[in-house]
Every structure is written in C-alpha cells, then in structure tokens.
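A.B. asks: Provided below for reference: sequence and predicted model.
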Amino acid sequence: MTLEEGVADMPGGTRFLIALFVPAITALSFGASAATAKSVPVDVRVYAPGRGDLASQRQYTAPTTVRTSRRALCFGEGTGGSGNRVDVAGPTPASTLIDASANNAKLSPLSISDHDFGFAAFSVCGIGSAGVDGSNYWFIKVNHKAAQVGSDQITAKKGDKVEWFLIPYTACSSDPPYACLPEMVIEAPARARPGVPFGVRVVGYDDNGVEGPMADVAVSGSSEKTDARGRTQVTLSRTRSLRTTYARALPAEPAGVCVSATLSDCPKARGFVIRGSKKNDRIAGTNGPDRVRTGPGDNRVNVRGGGTDLVRCGNGENKVIADRRDVVRGCTKVIRK
C-alpha cells in the first residue's frame, strides 16, 4: 500500500491530512543503541488551547521506549495501538516528549497508536489531558521550523527547541504548502524596576522558521498593542509572566520578568526547569536560577555559577558541583565551590 492509499483510507483522508499526520511520532529504528547513546539537553514546550503550557522544560533525552495504547482511537475505530512497548529513536523530538512525560505529570499519560496505516508511523492522540478529537492535531516545530518528517527522524542536538502545539485543522491552509499560523515569541528583559517602562518585542516565525515582527499583538502589562516593528512598552508593579493575545498566531511562551526596586535582587537571566533522563546524564546549569531534578541513572550535575539553583537527586550515584548558596537535596556527593 502506498502512503497516499493508506491516508485515503483514514477518516478525513485527504492530501491535506498527509501533511498533518506524517509529523507525528514515526519509525522504530535508531542508529545508536539505547545502552550506549548519550543524552543531550533539548528544550521542550507543549501547548494546548484552554490548558496553556503543559510543559516548558529542558529535558535530557536519549533513545527510549514507549507503550502504545489500545485506546488511541483519534483516527477512527480500529486504529488503536497494540499495547506493546516499542523502541523510539533518540535523541529526537519524539524521545524528548517521552522522556519529559516521565518527569511532568501534565504530560502523562501519552496516548500513542502504532496502528499500521500502510507507512511507518504511529500517531499521537493525547498528551496528558489534551487530546485529538477529529478537528485538531499535534503540530511540531523544531527551532521554530515546522517538522516535515516524523519526529523520531529528526536528530535532536544540544540546545534545540522542540514545540508541540495542539491546533485545529483550520489553523493551516487547505492548499499546498499547507502553511499554518505563525508562532509568536516574546523578547523581554529578565528583570525590571516597578513602575518603570521597558521595551518588549514580539516576533513571529512561519513554518520555514523565518522571523518577522508581529504587529497589533496585546502583551500583558502594556496599554498599547505592538506597532509595525512588533514593539511596545510594558510597565509592571510586581513580578509576573508576560503573555500575548493575538487570534491569528500561536501564543508565545510566557516570559517571566522579576520586578524589584533593587535590580540586583533579581537574577540577570531566567532560569530553567531541567529534568534528567533514564540514562547517565551530564547536566549543566544555566546563567539563571535553575530547578534541576535528576533521573534514576548515575549522574553528574554542575550548577556552579548563575543564579541560586535547586537540585534534587533521584536514585543512583549523583555527584553535584554547586555554589554555596545553591540548595541540594538527596544527592550522593556534593562539592561546593
């Protein structure tokens, strides 16, 4: 059976659906073995309308496995999964999502089908409480660029950003190249003084990852929408997260701004939620205040420098290098410098 024949037999099977379905988790093979492959840090965001950001974290990821679900029926009756545990390539966007679901209750359970549609792919029906209902699908972007192949066929590199958006089919054009709504990003300082205006810029990325200013966007804390250059002024009286409101684009990831009369009381950079994998990770902190939790392996964590970090260790042998002001819990060995 050909790709097009397989899609044509699916509910709503059209050429448009091909473009939407193929970027779901696909294929089962990987080059490096799960035992030897090293994990890499990948930033993952999962957004669902009405639920907001289910995840925004730096996830260490490597080849992994996932159990498919017989209840994953979002593509019609008889399309549920086998219930078997299958290998998933990594480090990839697919493995990143799976590893993140083990560390974030909002992403669990994953509802994935390995039903044979006639081409090597399985479908993502649900991520946590957010699921496909026949009118929407999971749209994937890697470094702000729409995925054109399966999410396990893209090698994830250190520092990559992977985003999963649950969007309606109507958010994309029904004609080639099936362009979807742009993704917004907020550019704002990490800290500000109360009552003192500061500049904010909102940019949008199209499916090709091309950046452009976003005009007429409402930003929390601003009395004026963004101008033609995507710029506006924001004034805050307290620490808060900036959000965007604009109907014709995917919402920006909230940007936290620490507000204090004494700027030095706020960190110079935003910190990250950092989560380990099931492998032996080598975790590095950032320039901001990070919240780190290791996985079950034998891990090495270095959060020296940056803001005041919180490190919690899981099972295994965990060596942590930290500043004296960092908080470290449950770790085998801690070196303070």
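C.D. replies: Structure received.
A.B. asks: for residue 296, give me its contacts.
C.D. replies: Contacts here follow CB atoms under 8 Å, 6 or more residues apart in numbering; on that basis residue 296 touches 278, 314-316. In this view, the C-beta of every residue, glycine as well, is placed from N, C-alpha and C.
A.B. asks: any chance of a markdown table for the residues you listed, columns pLDDT?
C.D. replies: Below are those laid out as a markdown table (pLDDT from 0 to 100):
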| residue | pLDDT |
| --- | --- |
| 278 | 93 |
| 314 | 92 |
| 315 | 91 |
| 316 | 91 |
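A.B. asks: turn these into CSV, columns for secondary structure and distance to residue 217.
C.D. replies: CSV is the format used below for the contacts of residue 296 (DSSP: H, G, I helix; E, B strand; the rest coil; distance: CB to CB, whole Å):
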residue, secondary structure, distance to residue 217
278, coil, 40
314, coil, 41
315, coil, 45
316, coil, 45
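A.B. asks: ok, and the most crowded of those?
C.D. replies: With neighbours taken as other CB atoms under 10 Å, the top of these is residue 278, carrying 20 neighbours.
A.B. asks: mind checking how far that one is from residue 61?
C.D. replies: Going from residue 278 to residue 61 by CB to CB, to the nearest Å gives 9 Å.
A.B. asks: mutual contacts of the two, please.
C.D. replies: Both residue 278 and residue 61 are contacted by residue 99, under the criterion CB under 8 Å, 6+ apart.
A.B. asks: what sits up against stretch 152-162?
C.D. replies: So stretch 152-162 is contacted by 25-28, 30, 40-45, 61, 88-97, 140-144, 147, 151 (CB under 8 Å, 6+ apart).
A.B. asks: drop anything exposed from the residues you listed.
C.D. replies: By neighbour count, with 16 or more other CB atoms under 10 Å, the contacts of stretch 152-162 hold 25-27, 30, 40-45, 61, 88-97, 140-142, 144, 147, 151 as buried.
A.B. asks: among those residues, which ones are in strands?
C.D. replies: Counting by DSSP state E, these place 40-45, 61, 88, 140-142 in strands.
A.B. asks: nearest to residue 228, of the residues you listed?
C.D. replies: Set against residue 228, the nearest of those by CB to CB is residue 141 (24.9 Å).
A.B. asks: which ones are touching the residue nearest to that closest one when sequence neighbours are not counted?
C.D. replies: Computed as CB to CB, 6 or more residues apart in numbering, the closest residue to residue 141 that is not its neighbour in sequence is residue 163, at 4.6 Å. By CB under 8 Å, 6+ apart, the contact set of residue 163 is 44-47, 140-142, 144, 183.
A.B. asks: closest one to residue 103 out of those, please.
C.D. replies: Nearest member of these to residue 103, counting by CB to CB, is residue 44, at 10.2 Å.
A.B. asks: so what's the residue nearest to residue 101 when sequence neighbours are not counted up against?
C.D. replies: Nearest residue to residue 101, sequence neighbours excluded (CB to CB, 6+ apart): residue 107, at 4.0 Å. Contact analysis of residue 107 by CB under 8 Å, 6+ apart lists 46, 54-55, 97, 100-101, 127-128.
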